[in-house]
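Novice: Whatever this is, show me its structure:
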Amino acid sequence: MNATRTPRIALFHPALIAGGIQRVFINLAQAFLSRGYAVDLVQATPGDDFRSLVPPGVRLVDLNAHRVIASVPALARYLRTERPHALLSGADHANIVAAWARKWSGVRTRLVISVHNSVSAVSRNAPTWRGRRSPPVVRRFYPWADSVVAVSRGVADDLAGVARIPRQRIRVIYNPVIAPAMFAAAKEPAPDEWFAPGQPPVILAAGRLTVAKDFPNLLRAFALLRRDLPARVIILGVGEELPRLQALAEELGVSQEVRLPGFASNPYAYMARAGVFVLSSAWGEGLPTVLVEAMALGAPVVSTDCPEGPRELLRDGAYGALVPVRDPDALAQAMAAALRGGGPKVTREGLRQFELDTAADTYLQELGLAPRA
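Specialist: You can find the predicted model right below:
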């Protein structure tokens, strides 16, 4: 590699669809760029949800594979051609592809894989045989990386057991969630007339509409809550569960108080005005980015106590209410308490570890690069 060349960092992920990993990588791309590095955001399959959020100066590389696992040859060609100093990957399939592509390419690019969810929980609840077979695949290929990062201590502990990687080899770096652009976006005009003065409070949730997020639990809890409190629900996101959620809202008699507007490019304007932000997941939350975002913008939060991240993030309930998974009665009670002003509040100091600069500099250490001014 030419010593005078600006070091290039490649961030590899499945696709620019709306999701926590994608938002984290966009934030990191901005931070790395501001520190003087060249940055490529490399996506395996076509995705456009977050394309408009890619910072100017960050190069977007489309490998155009039909599946993530099929992108190995294209990623290997990219590595041989561009020879980035470091490759950071995220999501299980993307991590496996990155390990294979780096080996196949023969380049000396430093490989750091990041793990955002509990491997055991995701595989245990996977709908396909391929997904349930992920632990032995992870065990085989993750050790090929130069460094392994987990987004929470719970995820790191789980990964050490599943992948048989010594726990001390796994670095915990909390997601870089809190950035100046988030606060600027939160000040944009109210995105829905339900936030107008004098309207009932809005219970907000956000995430892909999948079984793991268990939004039916939220709707059932809301049906119980509205017997005693006027309120409304907005769930931001897209996914295969949309028809089921619409049907359930009708069945519960709450369809007029529930909105599912789809993808929101600026969820922060919603979060800053929410009466309470709720995470209702049954599993798969390594470190829920949306909880950090909501807390940073001043919204009280309520979360199910799903593995692995919410309890760690909320400090055993000190920063937000924790309730059992799939328990609509407990969720309804916690939401009601938060709407009445009885929920705990997080301090700025408690959120400092999720600030972009803190996470970016720590990632740069793992990537073998200096923070740079």
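
Novice: which regions of the stretch 51-200 of the chain sit below the pLDDT cut-off?
Specialist: Applying pLDDT under 70 to the stretch 51-200 of the chain flags residues 125-132.

Novice: go with 90
Specialist: Within the stretch 51-200 of the chain, the stretches with pLDDT under 90 are 51-53, 91-93, 116-137, 162-164, 176-177, 179-181.

Novice: quick one, strands of it?
Specialist: Taking DSSP state E, counting those that start in this stretch as the test, the strands found in the stretch 51-200 of the chain are 59-62, 86-90, 110-115, 147-150, 170-172.

Novice: Would you mind writing the CA trace of the second one as CSV?
Specialist: Read it as strand 86-90. This file holds the C-alpha atoms of strand 86-90, laid out as CSV (Å, rounded to 0.1, in the frame of the first residue of the first chain):
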residue,chain,number,x,y,z
ALA,A,86,-9.5,-1.8,7.0
LEU,A,87,-12.8,-3.5,6.4
LEU,A,88,-15.5,-3.2,9.1
SER,A,89,-18.5,-5.5,8.6
GLY,A,90,-21.9,-5.8,10.4
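
Novice: Direction included, what does that strand pair against?
Specialist: Each strand that pairs with strand 86-90, with its direction, by DSSP bridges: strand 8-13 (parallel), strand 110-115 (parallel).

Novice: Give me the buried positions along stretch 49-67.
Specialist: Residues 50, 53-55, 58, 61-63, 65 are the ones in stretch 49-67 that count as buried (16 or more other CB atoms under 10 Å). To be clear about C-beta, it is placed using only N, CA and C from the backbone, and glycine gets the same treatment.

Novice: Out of those, name the two that are farthest from one another.
Specialist: P55 and A65 (24.0 Å; CB to CB).

Novice: does A223 sit in a helix, a strand or a coil?
Specialist: On the three-state scheme (DSSP: H, G, I helix; E, B strand; the rest coil), A223 is labelled helix.

Novice: Which residue, neighbours along the chain excluded, lies closest to it?
Specialist: The spatial neighbour of A223 that comes closest, neighbours along the chain excluded (CB to CB, 6 or more residues apart in numbering), is L252 at 4.3 Å.

Novice: Surely that neighbour and R220 touch.
Specialist: Yes. Between L252 and R220 there is a contact under CB atoms under 8 Å: 6.8 Å.

Novice: more crowded one of those two?
Specialist: R220 (21 against 17; other CB atoms under 10 Å).

Novice: Check the contact lists of L252 and R220 and give me the overlap.
Specialist: Counting by CB atoms under 8 Å, 6 or more residues apart in numbering, no residue touches both L252 and R220.

Novice: Next, format the strands of the stretch 51-200 of the chain as TSV and append distance to S123.
Specialist: As requested, these are arranged in TSV below (distance: least, CB to CB, whole Å):
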stretch	distance to S123
strand 59-62	29
strand 86-90	17
strand 110-115	13
strand 147-150	16
strand 170-172	18
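
Novice: Could you say which of those strands is packed most deeply?
Specialist: With neighbours taken as mean count of other CB atoms under 10 Å, the strands of the stretch 51-200 of the chain reach their highest mean count in strand 86-90, at a mean of 27.

Novice: Show me how the protein divides into domains.
Specialist: Following automatic domain parsing, one finds the domains of the chain at 8-175+355-366, 180-353.

Novice: Now do the contacts for the residue nearest to A223.
Specialist: 219-220, 222-223.

Novice: ok, these vs D146, which is closest?
Specialist: Using CB to CB, L219 is the member of the contacts of L252 that lies nearest D146, at 44.6 Å.

Novice: Could you check the pLDDT of the closest one?
Specialist: Looking at L219, its pLDDT is 98.

Novice: Give the closest residue to it in space, chain neighbours not counted.
Specialist: L248 (5.4 Å).

Novice: Quick check: buried residues in stretch 354-366?
Specialist: Buried, per 16+ other CB under 10 Å, within stretch 354-366: 354-364, 366.

Novice: D316: neighbour count?
Specialist: 9.

Novice: pretty sure it contacts L322?
Specialist: Yes. Using CB under 8 Å, D316 makes contact with L322 at a distance of 7.5 Å.

Novice: re earlier: could you dump the contacts of L252 into a markdown table with distance to I113 added?
Specialist: Formatted as a markdown table, the contacts of L252 follow (distance: CB to CB, whole Å):
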| residue | distance to I113 |
| --- | --- |
| L219 | 36 |
| R220 | 37 |
| F222 | 38 |
| A223 | 42 |
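
Novice: between those residues, which has the most around it?
Specialist: Neighbour counts for the contacts of L252 (other CB under 10 Å) peak at F222, which has 26 neighbours.

Novice: didn't it look like it was pressed against I234?
Specialist: No. Applying CB under 8 Å as the test, F222 and I234 come out as separate, 11.0 Å apart.

Novice: Now for these two: what residues contact both?
Specialist: Common neighbours of F222 and I234 (criterion: CB under 8 Å, 6+ apart): 203, 258.

Novice: Break down the stretch 151-300 of the chain into its helices, ranges please.
Specialist: 153-163, 180-186, 215-225, 242-252, 268-271, 289-296 (DSSP state H, counting those that start in this stretch).

Novice: from the ones you listed, which stretch is densest packed?
Specialist: helix 289-296 (a mean of 26).

Novice: ok, E188 - contacts?
Specialist: E188 sits next to 266, 269 when contact means CB under 8 Å, 6+ apart.

Novice: Make 324 the first number, not 1, from now on.
Specialist: Noted, 324 is the first residue going forward, which turns the last one into E511.
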